[in-house]
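> Let's see this in three dimensions:
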Amino acid sequence: MTLHPLRMVFAGVALCLATATPLFAQDIDFGDDTSQWAKDGECDDPRFTGSGAADELVDEDRMHDATDCRAAFEAGTVTLAEEKAPPKPAPDTPAPPAAPEPAPVAPSTSSTAPEIDFGDDSSQWAKDGECDDPRFTGTGAATELLDEDRLHDATDCRAAFEAGTVTLSEGSGGGTGDIDFGDDASQWAKDGECDDPRFTGTGAADELVETDRLHDATDCRAAYEAGTVTLADETAPGSTSADTAALTAMAGRIDFGDDTSEWAKDGECDDPDFFGPDVAEEPSAENRMKDATDCRAAFIAGTASFGKASSTATQPAAFDYGNDSSRWANDGQCDDLRFVGPGMAKKLDYEDVMADATDCRTLEEQNDISIREVYTPQYAAGAPYDSSGVDFGDNASAYADNGECDDPRFEGPGAAVTLLDSDRAADANDCKAQFEAGRIVLRDGES
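Numbers count the residues shown, from 1 in each chain. So this is what the prediction gives:
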């Protein structure tokens, strides 16, 4: 039998329609069915998108839901995320000539994030459907982000990044831009961790000292580009930061008392042992240790400082050595930066303030160390001090007028935990007040 030419055309069209999709599917490696969600009727492979795809996709299911994804792909309910499905022809419209077959799609293990180190899934919040790594921001990120989860929620963050619901925050693994990393003159240079105290994060050393500022370039550049450290001043005031973490740790060592004051929980600290912008103007001695909630909140926020000598005291209080909660406690060296002398540890951290009591007390009694004068109760009791010979500069710092001195020329209990060169001579009001109150002094060599 001889086919009519028109019938031959329709036969060819039918053959093309019958084979086009299977041929395309044959070029895709769908993987296997080892996902725990395999064969549940929806495609769980994050390489695909569409109505036939699961609502929640995780990277661990990549190439592990072959049966579902093949079926959905051939039904036209999913497409590869980087592909766009062609528009469907109108009913009874002859199909256009078949397009050239697309190049095979190679399996990918990095998708759209080839240079990002997502880390691992060791966070307690890993695989909960939202990204808990504080390097990321966006609608797919958790509301509360902690630095301890940095690089520890890989599956969630990779999925959110590839879905476009999070992006890397500025300064988190991005370009180094105009950052001056300095040189490698530190004795700790090239040891695999960043020792420059300007940086914070999981890639930073546990113990940071001012002498290493700008002197660990190789380590800090590598950690910054990997997203494991950020510049401390890239963290906005009020956000979770090294400052807040240190103040929270210090707050755990202070006995704030209770809330039995008639002024308790009114939004300002009424305890006379504190001072700062969130402390009542004339706190009464009867409120000492009786406004715990307000004073703790203000202390952690950096708007109240502890240690002001009572106006009614006849003599300075005894020096408080703290406790032995430091991980370096009882190691034979004093790790509390309030002391100085040959018995001190080489690297000191604010987390160890008031947390190495036994070592520091013992070494002081042996005259191997001494208390820095500005930290002694006697020094604060000698206030006010004459500040006329000190040039405090201006108030250009972003942290000006927050109740603590952010100028790195000064040290003492009235100084901020994190000090930046950019704040040098730029926090005049705070530093002048703290200096006159006997809460800070100029560092050796500064003027």
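> can you give me the helices for this protein?
Under the criterion DSSP state H, helices of the chain are mapped to 5-26, 66-75, 154-163, 217-226, 242-251, 292-301, 357-365, 377-381, 428-436.
> Which strands and helices lie in contact with the fourth one?
By that I understand helix 217-226. Under the contact criterion of 3 or more C-beta pairs under 8 Å, 6 or more residues apart in numbering; DSSP states H and E, helix 217-226 touches strand 199-200. Any C-beta I mention is one placed from the backbone N, CA and C, and that applies to glycine too.
> For the closest residue to D180 other than its chain neighbours, which residues are in contact?
For D180, the nearest residue in space outside its immediate sequence neighbours is L214; the separation is 6.8 Å by C-beta to C-beta, 6 or more residues apart in numbering. Applying C-beta atoms under 8 Å, 6 or more residues apart in numbering to L214 gives the contacts 180-183, 196, 198.
> Now do the phi/psi pair for L214.
As for L214, its main-chain torsions (degrees, to the nearest 10) stand at phi 70, psi 20.
> Please convert the helices of the chain to CSV, extending it with mean pLDDT.
Written out in CSV, the entries for these read as follows (pLDDT from 0 to 100):
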stretch, mean pLDDT
helix 5-26, 49
helix 66-75, 90
helix 154-163, 87
helix 217-226, 84
helix 242-251, 64
helix 292-301, 85
helix 357-365, 94
helix 377-381, 84
helix 428-436, 94
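> For F136, which of those helices is the nearest?
Across the helices of the chain, the minimum distance to F136, taken as C-beta to C-beta, is reached by helix 154-163, at 5.6 Å.
> Off-centre distance for the closest one?
18 Å (C-alpha atoms, centre = their mean, to the nearest Å).
> hey, C-alpha coordinates of it in CSV?
Only the C-alpha atoms of helix 154-163 are listed here, as CSV (Å, rounded to 0.1, in the frame of the first residue of the first chain):
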residue,chain,number,x,y,z
ALA,A,154,25.6,22.8,55.0
THR,A,155,22.6,21.0,53.6
ASP,A,156,20.0,23.7,54.5
CYS,A,157,22.2,26.6,53.4
ARG,A,158,23.3,25.0,50.1
ALA,A,159,19.6,24.2,49.3
ALA,A,160,18.5,27.8,50.2
PHE,A,161,21.4,29.3,48.3
GLU,A,162,20.6,27.3,45.2
ALA,A,163,16.9,28.2,45.6
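> start the count at 27, not 1, going forward
Let's use 27 as the start, then, which means that last one is helix 180-189.
> Show me what it packs onto, helices and strands only.
With contacts defined as 3+ C-beta pairs under 8 Å, 6+ apart, the secondary structure elements packing on helix 180-189 are strand 162-163.
> just checking, what packs against the strand it packs on?
Against strand 162-163 (3+ C-beta pairs under 8 Å, 6+ apart) you get helix 180-189, strand 193-194.
> quick check: mean pLDDT across the shortest one?
Averaged over strand 193-194, pLDDT sits at 78.
> contacting residues around that strand?
Contacting residues not belonging to strand 193-194 are listed as 142, 161-164, 187, 200, 253 [C-beta under 8 Å, 6+ apart].
> Quick one, which of these are buried?
When burial is judged by neighbour count using 16 or more other C-beta atoms under 10 Å, the buried members of the contacts of strand 193-194 are 142, 161-162, 187, 253.
> which two from these end up farthest apart in space?
The span of the buried ones among the contacts of strand 193-194, defined through C-beta to C-beta, is set by F187 and G253 at 12.1 Å.
> Next, show the common contact partners of the two.
In contact with both F187 and G253: 142, 194, using C-beta under 8 Å, 6+ apart.
> would TSV of the helices of the chain with distance to D66 be doable?
Compiled in TSV, these are given as follows (distance: least, C-beta to C-beta, whole Å):
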stretch	distance to D66
helix 31-52	20
helix 92-101	7
helix 180-189	18
helix 243-252	37
helix 268-277	42
helix 318-327	47
helix 383-391	58
helix 403-407	68
helix 454-462	60
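> Identify whichever of those lies nearest to S352.
The closest approach between S352 and any of the helices of the chain, judged by C-beta to C-beta, belongs to helix 383-391 at 8.6 Å.
> which residues does E430 contact?
Here E430 is in contact with 302, 328, 331, 440-442, 456, 460 (C-beta under 8 Å, 6+ apart).
> Would you mind listing which of the residues you listed are buried?
302, 328, 331, 440-442, 456, 460.
> And the residues you listed, which is the shakiest by pLDDT?
pLDDT is lowest at G328 among these; the value there is 78.
> Pretty sure that residue sits against G440.
No: if you go by C-beta atoms under 8 Å, G328 and G440 don't touch, sitting 11.3 Å apart.
> Could you report the neighbour count for D297?
In terms of burial, D297 registers 30 neighbours under the definition other C-beta atoms under 10 Å.
> Oh, that last question was meant for G429, not what I typed.
G429: 23 surrounding residues under other C-beta under 10 Å.
> Now do the same contact list for the closest residue to it other than its chain neighbours.
Counting by C-beta to C-beta, 6+ apart, G302 is the residue found nearest to G429 once chain neighbours are left out, at 3.5 Å. Remark: with contacts taken as C-beta under 8 Å, 6+ apart, G302 is in contact with 295, 324, 329-331, 429-430.
> Residues contacting stretch 91-104, please?
The set of residues that contact stretch 91-104 without belonging to it, under C-beta under 8 Å, 6+ apart, is 47-48, 51, 54, 56-59, 61, 63-71, 74-79, 105, 111, 114.
> domains for the chain, by residue range?
Structurally, the chain divides into domains by automatic domain parsing as follows: 52-110, 141-195, 208-260, 268-332.
> Please tabulate these in CSV, including the columns distance to P410.
As requested, the domains of the chain are exported to CSV (distance: least, C-beta to C-beta, whole Å):
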stretch, distance to P410
domain 52-110, 61
domain 141-195, 38
domain 208-260, 28
domain 268-332, 13
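> just so I know, which of those domains lies nearest E377?
Taking C-beta to C-beta as the criterion, domain 268-332 is the member of those that comes nearest to E377, at 5.1 Å.
> hang on, the earlier thing: include distance to P368 when you put the contacts of strand 193-194 into TSV, please.
Formatted as TSV, the entries for the contacts of strand 193-194 read as follows, by distance: C-beta to C-beta, whole Å:
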residue	distance to P368
I142	46
R161	41
F162	45
T163	46
G164	51
F187	50
G200	43
G253	39
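> And those residues, which is the shakiest by pLDDT?
G200 (48).
> residues in contact with the closest residue to R247 other than its chain neighbours?
If you skip the residues right next to it in sequence, R247 has F207 as its closest partner in space, 4.9 Å away by C-beta to C-beta, 6+ apart. Residues touching F207, when contacts are defined by C-beta under 8 Å, 6+ apart, comprise 222, 240, 243, 246-247, 250.
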